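S.K.: the sequence isn't on hand, but the structure is:
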Ligand code: NAP
């Protein structure tokens, strides 16, 4: 039984979303009621901390998905017609509920996906702030009018009235590593722009995702306008993505999944944020202390399971030697692998599952077989991978050629910084890169050569602050997120051309 003991909170706030057995089976949301699912099939969500089952999620059937899509479709026009200020107040209330439940949601997330208390709490707080910011920014969006005589050959007489309208039904698919934040970063802008939303939460992280959907429901999103369908992506994903009712797909997840589903929603707008292998380039004049600190933080936070996590460092042999020495000095104070529930643990806990850990172990072993050297770490126990630093890595080795979603930082030696540019631009990923140099002008010029979404100068790759544009190129994504950019992506412009009587 979910027990809520916060002052002033209705005890039954999250009560409808599970059957309260031990472990509970959570319910999917058809837009009006929380339901167990007619198939009777469920999928377990196992805690990465100890493998215990946190809960089960129903696997919805195609018929249930059809009903959800019908509810989302029929409810959307009235929601879009609802005055913006009313939609805005629903968002602010949702943000306030999230703050009210901060501790509870933090605890759900720690157990479900193995985040540390600090990381889980920061995701919750950041999500509430993000929803408020979305709501404020939506109020500031303006349409425009365009006159005809600006274009050669046209007289005055035509005027285009350009307004923003909803796409219709937005399908929101989030990954396991930010199940609340990366769901809310789709749900809030979609709802604010007048869309209805079908949420497909990640299976690992699905319990946190369902709690978020419940909060939006309780904040006053009308019936049918928000729904949640559960079941693993490989079982229900195709049916959901291909559904005719879906007008837009907003997806965050791996590049492999993104590539697999992109073609299944033809002629529909896609907002895809996918994987990254985020390189760091260290120039000879870089501050080695700052650089080592940022690489450790960027490479090992949440056990390297961040899309913007640093995966490899490109520099000359001489600088690499200094940098690795500096990192080895800083590691004991900055990183302590362990149980994410323990206050002693710093940055590294278990990865999402033992099978994910086995994959990371294999990739490390393959690199070593091909000539890489383990400077520290490299071993696995259950779902725990030791914080690992590899040197002598080549760009073709799978540890960096494919995104390794774990606590592994690889060093690739280069003879010149042009070589670093070539390596980065030849990668199939293009999310973020970082350049470390004391000469900011050099950093800006170098940044301009890199074919990635964003370049950070003297800082590790990151998504925040959330109102900055955030995007991936190549296999790292399509479309742009960031508060205003997401609101624009979750809507389309509708020009109405008025031909004035002459
Ligand atoms: P994933 O395995 O690709 O799954 C992402 C989401 O897609 C999950 O909800 C998953 O559901 C669903 N899914 C899987 N197969 C599907 C299908 N055929 N049709 C529809 N949906 C499907 O990724 P993950 O392991 O959860 O997350 C880690 C990845 O996300 C990393 O690659 C990371 O870089 C990326 N990521 C990117 C960003 C960014 O902003 N660029 C941010 C965070 C994470 P199930 O869980 O039920 O399979």
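M.R.: Right, received. Where do you want to start? Only a predicted model underlies this, so the values are computations on that prediction, with no experimental measurement involved.
S.K.: only C-alpha atoms from now on, for both contacts and neighbour counts.
M.R.: Fine.
S.K.: list the contacts of residue 131.
M.R.: Counting by Cα atoms under 8 Å, 6 or more residues apart in numbering, residue 131 makes contact with 91, 92, 94, 95, 184, 185, 188.
S.K.: now with 6 Å, please.
M.R.: By Cα atoms under 6 Å, 6 or more residues apart in numbering, the contact list for residue 131 reads residue 95.
S.K.: tell me which element the residue most central in space within the chain falls in.
M.R.: Nearest to the geometric centre of the chain sits residue 182, at 4.4 Å (Cα atoms, centre = their mean). Applying DSSP states H and E as the criterion places residue 182 in helix 181-192.
S.K.: show me what from this protein comes close to the ligand.
M.R.: 173-177, 201-204, 231-234, 237-238, 252-255, 257, 261, 273-276, 306-307 (Cα under 6 Å from any ligand atom).
S.K.: tell me the buried residues within the residues you listed.
M.R.: 173-177, 201-204, 231-233, 237, 252-255, 257, 261, 273-276, 306-307 (16 or more other Cα atoms under 10 Å).
S.K.: now do the contacts for residue 176.
M.R.: So residue 176 contacts 202, 204, 205 (Cα under 6 Å, 6+ apart).
S.K.: which one of those residues is nearest residue 469?
M.R.: Of all these, residue 469 sits closest to residue 202, with 24.0 Å by Cα to Cα.
S.K.: you'd agree that closest one is in a strand?
M.R.: No - read with DSSP: H, G, I helix; E, B strand; the rest coil, residue 202 is coil and lies in no strand.
S.K.: for it, what are phi and psi?
M.R.: phi -70, psi 150 (degrees, to the nearest 10).
S.K.: does it touch residue 172 like I think?
M.R.: No - with contacts counted by Cα atoms under 6 Å, residue 202 stays clear of residue 172, the gap being 10.3 Å.
S.K.: now the strands for the stretch 201-350 of the chain?
M.R.: With strands called from DSSP state E, counting those that start in this stretch, the stretch 201-350 of the chain shows them at 226-228, 248-252, 270-273, 279-282, 312-315.
S.K.: next one, pLDDT for residue 143 please.
M.R.: pLDDT for residue 143: 93.
S.K.: that one contacts residue 160, correct?
M.R.: No - shown here, residue 143 and residue 160 do not form a contact pair, counting by Cα under 6 Å, at 10.6 Å.
S.K.: those two: who's more crowded?
M.R.: Using other Cα atoms under 10 Å as the criterion, residue 143 and residue 160 rank with residue 160 on top: 16 against 11.
S.K.: what's the closest non-adjacent residue to that one?
M.R.: Once flanking residues are discounted, residue 160 sits nearest to residue 497: 4.3 Å by Cα to Cα, 6 or more residues apart in numbering.
S.K.: which strand or helix spans that neighbour?
M.R.: strand 491-499.
S.K.: just want the angle from that strand to helix 181-192.
M.R.: Here the directions of strand 491-499 and helix 181-192 differ by 20 degrees (axes from the mean of the first three to the mean of the last three Cα atoms, to 10 degrees).
S.K.: tell me what strand 491-499 is packed against?
M.R.: Secondary-structure packing of strand 491-499 (3 or more Cα pairs under 6 Å, 6 or more residues apart in numbering; DSSP states H and E): strand 158-166.
S.K.: next SSE after the strand it packs on?
M.R.: strand 169-173.
S.K.: ok, that next one: who's next to it in the sheet?
M.R.: strand 196-200 (parallel), strand 248-252 (parallel) (DSSP bridges).
S.K.: where does the prediction get shaky in the stretch 101-250 of the chain?
M.R.: The stretch 101-250 of the chain contains no residues with pLDDT under 70.
S.K.: wait, the chain
M.R.: By pLDDT under 70, the low-scoring segments of the chain are 1-11.
S.K.: can you list the domains in it?
M.R.: Domain segmentation of the chain under automatic domain parsing yields 2-274+480-489, 278-471.
S.K.: list the buried residues of the helix ranked longest in the chain.
M.R.: For the chain, the helix with the greatest residue count under DSSP state H is helix 117-140. Across helix 117-140, burial judged by 16+ other Cα under 10 Å covers 117, 119-121, 123-138.
S.K.: same check on stretch 264-271?
M.R.: 265, 269, 270, 271.
S.K.: how about stretch 371-386?
M.R.: For stretch 371-386, by 16+ other Cα under 10 Å, it's 372, 373, 374, 378, 379, 380, 382, 383, 384, 385, 386.
S.K.: of the residues you listed, which is the nearest to residue 342?
M.R.: residue 384 (14.6 Å).
S.K.: tell me the bridge partners for that closest one.
M.R.: Here residue 384, judged by DSSP bridges, has bridge partners residue 381.
S.K.: that one is in contact with residue 353, isn't it?
M.R.: No - if you go by Cα under 6 Å, residue 384 and residue 353 don't touch, sitting 8.8 Å apart.
S.K.: and the strands paired with strand 169-173, which is most packed in?
M.R.: The highest average neighbour count among those, using mean count of other Cα atoms under 10 Å, belongs to strand 196-200 at a mean of 29.
S.K.: the inter-axis angle of that one versus strand 158-166?
M.R.: Inter-element angle recorded for strand 196-200 and strand 158-166: 40 degrees (by the same axes, to 10 degrees).
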